[in-house]
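Engineer: Have a look; sequence and predicted model below, questions after that.
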Amino acid sequence: DTGVSQDPRHKITKRGQNVTFRCDPISEHNRLYWYRQTLGQGPEFLTYFQNEAQLEKSRLLSDRFSAERPKGSFSTLEIQRTEQGDSAMYLCASSPWPNTEAFFGQGTRLTVV
Amino acid sequence: AQSVSQHNHHVILSEAASLELGCNYSYGGTVNLFWYVQYPGQHLQLLLKYFSGDPLVKGIKGFEAEFIKSKFSFNLRKPSVQWSDTAEYFCAVNAGNTGKLIFGQGTTLQVKP
């Protein structure tokens, strides 16, 4: 399968713990995006990378959130000191910029208890 | 701020009925427009996209959408729905030169056999 891959698919964590998610984009896609989706809502933009450079962060991304794409391939999204409000589906997408068509992974569902 | 509005939150149709899902966006410049579909348990998939040219675009599975610039709309249509079209549908706009998508809140379509 050569689509966007996310790991893990599901994560249950206790409030206050740190979690890290991984995204493997379609190879040779230079842009990688992270979105968050809560129940009954559309995905909301969090941040994106052009190769290894993080070009924009949404105001939704508090200082507890950090994302990296160290070698311009896979990316990680870390949430420190998780809160119940962080419970959501975290989606990753990639695109072969300047083509703006984004391909999405299946997401990581985070539940903070 | 850019925004996307989907007016139908939950639509129930019988098979063979015609479908039209509304989507309006707010942005005064050049936009790229998308409809994504999410089948139960699956990732977001692109149905169709508009970048430029003919405002009537055709996508997969018999779907089409019409871009009406004067109305800031990009409504999705299908002449005859099938039970397998049961899914959540998201309209999205890519405004500016970032590739990030602004999504509507989604429409849940339920097709009764």
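Structural biologist: Received the coordinates, thanks. For clarity, every value in this text was computed on a predicted model and none was experimentally measured.
Engineer: What parts of chain A come near chain B?
Structural biologist: When proximity is defined as C-beta under 8 Å from any C-beta of the partner chain, chain A approaches chain B at A:3-4, A:31, A:33, A:35, A:40-45, A:48, A:55-56, A:91, A:93, A:95, A:97, A:100-107. For glycine as for every other residue, the C-beta is placed from the backbone atoms N, C-alpha and C.
Engineer: Mark which of those are part of strands, please.
Structural biologist: Those of the residues of chain A next to chain B mapping onto strands are A:31, A:33, A:35, A:44-45, A:48, A:55-56, A:91, A:93, A:95, A:103-104, per DSSP state E.
Engineer: And the residue of chain A that's closest to chain B?
Structural biologist: Distance from chain B to each residue of chain A (C-beta to the nearest C-beta) is smallest for residue A:42, at 3.2 Å.
Engineer: Is the residue positioned nearest the centre of chain B within a helix or a strand, and which one?
Structural biologist: When C-alpha atoms, centre = their mean is applied to chain B, the residue found nearest the centroid is residue B:35 (3.5 Å). Following DSSP states H and E, the helix or strand that holds residue B:35 is strand B:31-38.
Engineer: Tell me the helices and strands packed up against that strand.
Structural biologist: In terms of contacts (3 or more C-beta pairs under 8 Å, 6 or more residues apart in numbering or on different chains; DSSP states H and E), strand B:31-38 is packed against strand B:45-50, strand B:64-68, strand B:73-78, strand B:87-95.
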